[in-house]
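>>> What shape does this take:
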Amino acid sequence: YTRAAKFELENDWNNAFELYLQAAHSFLHISRTAENSTLYRNKAAKALERAEKIKQHKNLTPKSIYLAAANLIFDSSELSILKKSSIINHNHIPLATSSPSDSLTSPFTDPNAQPSLGSVSSSFTWKRPSNLIPTSPLLPSDIIQNLVNDCSVCASIAVCIQHNLRFKSNLLLSSLSSSDDGRHELKVLVNGDFRRVIIDDRLPFDANDKLVGISTGAKNQLWPSLVRKSSSCLLYMKLMGGYDFLGSNSAIDLHVLTGWIPEHIDLRSASFERERTWSRIITGFARGDCMMTIGTNDKTALSYNIHSIKLLPSHDYAVTDIKETNDERWVTLLDSRICGSECECSGSGNYVTDGSGVMDMRWDDICATFEGLYINWNPSLFGSTVTFHGRLENSEDLPRGTSRPNTNPINKNGKGDSSETEIWILLTRHLYDTRRTSEYIAMNVQEDDMVLGDLEHVALKSNYTNSTHLLSRIKTSQFQSHTSGSLSLLACYDGQFDQVGFTVTAFAYPSDVVVSWDMRVPPARYMQKIDGVLTNKTAGGNCTHPTYMVNPQYHLRVHNAGTSTSASIDKRNKTQVILTARSTRDISLNVTVVWSQGERISELSQKEVVAHSGPYTYGHARVAAHLAPGDYTVVLSAFEPDQTGKFTLKVESPSRFEIKAIPQEGAGMYVKTVRGEWDLTTAVGGPSQTRYYRNPVYEVTIPCVSEFGARLQLLARAPGVSTNLSLFPSSSTNFQRCIASSGPYSDALSGVDIPKRSISPGKYYLVPSTYHAGVQAQFRMIVYSTVSGVEVVLRS
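Now for the predicted structure:
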């Protein structure tokens, strides 16, 4: 606030405006947990008032103003969510700003007893360490993992020690505190906010008086295990349920222990970018902006041996160095695991180490051998952040296993080189019981009015995960070409519980970019929800399949927005329309809006697509677009034709609209399907080839006046093959006079069709043909009529 006032006195309105907003956000954040919350709320209101006056008098971009408004509105409910999320594994993990309870015993004894030892032998006992004198400072290689499956925590501690040595950052140590009575506390970031974990100083020892958990060998440094300055490992074990937990990934562990942003990169994913990832991590690692660990999976037999070290399955390794030497790229790994003669390494055979656990691997071998790269980024890299705490709630009127979406728009306002702007969004599912594994979250982040890409390259994006954290990094086209833009977030939950807390945090890079919740978007005045089912007959797959036309389609009519001044109604009288599709998490969805007369479309044309939801995403799809008044066709599709199940489609808009299902082609009519082929004698091409009459000719008998239609489709996709279907009266011996046709020859994936029309009783000839002669292919014809008894027979 003081800096903002200084800039205001110097007439630096832009910096004053942004700093007042940041001050308001900080005051509101403090007010959530401070005893005198009214004082900080008043300070926030004062800072907000100064920012508002600067905006009005200096005509500044107003988007960031809604950051504070969002916090003012959601403050009380957010605090209740954070408090409700304080119960984890039946233990109360209070907020860090709450008052600590007084010790009733000396030395202090944890009233919640000790963490479970699970499968560890009952001969191990809990006692207070004594007669241990620490020696020199710790190195990463001093961290020893004994018999407990806590490799991810060991790797996390090791990389923190390495970071402390290189950059004097004091990670972990600054979060630990101890008292003379044996009471130890660790500040952790759990369930959306920093909390205090309190324990006593007792540790598990075996019959030989050796620590069961993490130890530091001859160094006798006990802070990783819990003496004097507490044990981050044990604290985290208590939080996560005990010594018998199977571990997580180190990115989540480091996020809990340090608050650094977790990123998981799947090295086996088709979208993994090897070179770009190397460039990011070697730059970030050298600057101290990131810490890394790396993990193997449990399915691949690993046999990469260096210095007699054999990799373990389902194991985390600390990354202690990254370097480029003589055109080679190297990653230094550290394994803290030590196995004795009685240890059986699951699935790994003989595990041998030379005692140091340090090994160098080439980057290319890392990418080919390991499953996941776990990176944690320093949050101070980002100049602006906003956080929202909410609840994901299941709804009975949605398909089983899905939930009502929670959507928040984000504004971005910045200056400078906008081409380098990135917005990172972290979704955190609040954890209540670590034994609950059948809970999944997903997040969809997109710009409004998304532009359609290449129709030939349809993307499938799977982002449902049972992890508690999901990170999305966005470098948007809007932000590259404008000084401001909007993003929409859709957070989804798939699980068996009615209410689950979540936290969304948005980070802006570089430091001159400001993000805020956009509170100007009013609740939708009009909303309609449609329930539907993708069946074997209506699941046509994506637009690269000839069956795309059978997908559920809807006629959307958008009415004139009138003279409303809403922020959602602008852009030359266009109005915002939001379409959200939901299904179970095993169905990948897309929603596409096409400019039309509200009729069923058979194929997508890129120039006619006005909006779409982007890559196919499992369980959900969302599209937001500003549409002019008129008629549109909305197509809901799954990625593959065999993906079937229930779905819901919700439409929202501040302006009046109508939406109704478009009947399938031939709905309510009699259908007859005929298969045929063009062979050596009948593949004669179109009328320009002079032997048109030698094409397969089908005699169609109509018993009485009827509506008639037909479609011709190739059984196998043949790029570049154009077809036509024409109907002739039986009196036309040389097929000179056509009474109905599919139009010009077309290579459309969905085939060609004769539109529905009225036809008199009698006999007709139906002729399928290709434009070029010599095209041998199989086809099918689908004939529709409103009367029964129609016959379709191949003429000999």
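
>>> any idea which helix or strand of this structure has the worst average confidence?
helix 232-240 (a mean of 47; mean pLDDT, DSSP states H and E).

>>> can you give me the mean pLDDT across the helix or strand just after that helix?
Once the chain leaves helix 232-240, the next helix or strand it forms, by DSSP states H and E, is helix 250-258. Throughout helix 250-258, pLDDT has a mean value of 90.

>>> Would you mind writing the CA trace of helix 250-258 as CSV?
Taking Å, rounded to 0.1, in the frame of the first residue of the first chain, the C-alpha atoms of helix 250-258 are listed here in CSV:
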residue,chain,number,x,y,z
SER,A,250,7.6,-36.1,-5.0
ALA,A,251,6.1,-33.1,-6.8
ILE,A,252,3.1,-33.3,-4.4
ASP,A,253,5.4,-34.0,-1.4
LEU,A,254,7.5,-30.9,-2.2
HIS,A,255,4.3,-28.8,-2.7
VAL,A,256,3.2,-29.8,0.8
LEU,A,257,6.6,-29.2,2.4
THR,A,258,7.7,-26.0,0.6
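
>>> elements contacting that helix?
Judged by 3 or more C-beta pairs under 8 Å, 6 or more residues apart in numbering; DSSP states H and E, helix 250-258 is in contact with helix 151-167, strand 184-190, helix 232-240, strand 261-266, strand 290-295, strand 372-377, strand 469-474. Quick note: C-beta positions are derived from backbone N, CA and C, even for glycine.

>>> As JSON lines, the ones you listed with distance to F502 and mean neighbour count would be great.
Listed next are the helices and strands packed on helix 250-258 as JSON lines, based on distance: least, C-beta to C-beta, whole Å; neighbours: other C-beta atoms under 10 Å:
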{"stretch": "helix 151-167", "distance to F502": "23", "mean neighbour count": "25"}
{"stretch": "strand 184-190", "distance to F502": "13", "mean neighbour count": "22"}
{"stretch": "helix 232-240", "distance to F502": "18", "mean neighbour count": "26"}
{"stretch": "strand 261-266", "distance to F502": "15", "mean neighbour count": "19"}
{"stretch": "strand 290-295", "distance to F502": "25", "mean neighbour count": "26"}
{"stretch": "strand 372-377", "distance to F502": "20", "mean neighbour count": "24"}
{"stretch": "strand 469-474", "distance to F502": "10", "mean neighbour count": "19"}
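
>>> Lowest mean pLDDT across these, which one is that?
helix 232-240 (a mean of 47).

>>> shaky segments in the stretch 101-250 of the chain?
101-105, 111-123, 131-135, 147-149, 222-223, 225-248 (pLDDT under 70).

>>> The same query, at a cut-off of 80, please.
101-106, 108-136, 146-150, 176, 178-184, 199-204, 207, 211-249 (pLDDT under 80).

>>> before we move on, the earlier item: CSV please, covering the helices and strands packed on helix 250-258 and showing distance to Y670.
Output for the helices and strands packed on helix 250-258, formatted as CSV (distance: least, C-beta to C-beta, whole Å):
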stretch, distance to Y670
helix 151-167, 63
strand 184-190, 64
helix 232-240, 64
strand 261-266, 51
strand 290-295, 60
strand 372-377, 56
strand 469-474, 50
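
>>> To S637, which of these lies closest?
For S637, the closest of those is strand 469-474, at 23.0 Å, according to C-beta to C-beta.

>>> Identify the residues contacting the closest one?
251-252, 255, 261-264, 422-429, 441-443, 445, 463, 487 (C-beta atoms under 8 Å, 6 or more residues apart in numbering).

>>> CA atoms of that strand as PDB?
Taking C-alpha atoms only, strand 469-474 is exported to PDB below (Å, rounded to 0.1, in the frame of the first residue of the first chain):
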ATOM      1  CA  HIS A 469      -3.200 -31.700  -7.900                       C
ATOM      2  CA  LEU A 470      -3.600 -30.800 -11.600                       C
ATOM      3  CA  LEU A 471      -1.600 -28.100 -13.300                       C
ATOM      4  CA  SER A 472      -2.400 -26.400 -16.600                       C
ATOM      5  CA  ARG A 473       0.000 -24.100 -18.400                       C
ATOM      6  CA  ILE A 474      -1.500 -21.700 -20.900                       C
END
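
>>> Adjacent strands (with direction) for that strand?
Note on strand 469-474: by DSSP bridges, its sheet partners are strand 422-429 (antiparallel).

>>> Would you mind writing the CA trace of the very next helix or strand once past the partner strand as CSV?
Sequence order places strand 440-447 as the next helix or strand after strand 422-429, per DSSP H and E. Taking C-alpha atoms only, strand 440-447 is exported to CSV below (Å, rounded to 0.1, in the frame of the first residue of the first chain):
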residue,chain,number,x,y,z
TYR,A,440,-10.8,-38.1,-9.8
ILE,A,441,-10.5,-34.4,-10.9
ALA,A,442,-10.2,-32.7,-14.2
MET,A,443,-9.9,-29.2,-15.4
ASN,A,444,-10.7,-27.5,-18.7
VAL,A,445,-9.1,-24.1,-19.3
GLN,A,446,-9.9,-22.3,-22.5
GLU,A,447,-10.3,-18.9,-24.2
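
>>> What helices and strands are in contact with strand 440-447?
Partner elements for strand 440-447 (3+ C-beta pairs under 8 Å, 6+ apart): strand 422-429, strand 469-474, strand 484-494, strand 616-618, strand 620-627.

>>> what packs against the helix or strand F507 falls within?
Secondary structure assignment for F507, by DSSP H and E: strand 499-509. Contact analysis of strand 499-509 by 3+ C-beta pairs under 8 Å, 6+ apart lists helix 66-84, strand 384-393, strand 406-414, strand 422-429, strand 484-494, strand 513-517 as its packing neighbours.

>>> now that strand: mean pLDDT?
For strand 499-509, the per-residue pLDDT averages 89.

>>> That strand vs strand 372-377, what angle?
Here the directions of strand 499-509 and strand 372-377 differ by 70 degrees (axes from the mean of the first three to the mean of the last three C-alpha atoms, to 10 degrees).

>>> In the sheet, which strands lie alongside strand 499-509, parallel or antiparallel?
Strand 499-509 is paired, per DSSP bridges, with strand 384-393 (antiparallel), strand 422-429 (antiparallel).

>>> shouldn't F735 be in contact with Y764?
No - using C-beta atoms under 8 Å, F735 is not in contact with Y764, being 11.3 Å away.

>>> got any residues that touch both of these two?
Common contacts of F735 and Y764 (C-beta under 8 Å, 6+ apart): F728.

>>> Neighbour count for these two, which is higher?
Y764 (22 against 17; other C-beta atoms under 10 Å).

>>> In CSV, please show the C-alpha coordinates belonging to the helix or strand containing that one.
Taking DSSP H and E as the definition, Y764 sits inside strand 762-770. Extracted in CSV, the C-alpha atoms of strand 762-770 (Å, rounded to 0.1, in the frame of the first residue of the first chain):
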residue,chain,number,x,y,z
GLY,A,762,-43.8,-46.3,-60.0
LYS,A,763,-40.4,-47.7,-60.9
TYR,A,764,-37.2,-45.7,-60.9
TYR,A,765,-33.5,-46.3,-61.4
LEU,A,766,-31.0,-45.4,-58.7
VAL,A,767,-27.4,-45.0,-60.0
PRO,A,768,-24.3,-44.7,-57.8
SER,A,769,-21.2,-43.6,-59.6
THR,A,770,-17.6,-42.2,-59.1
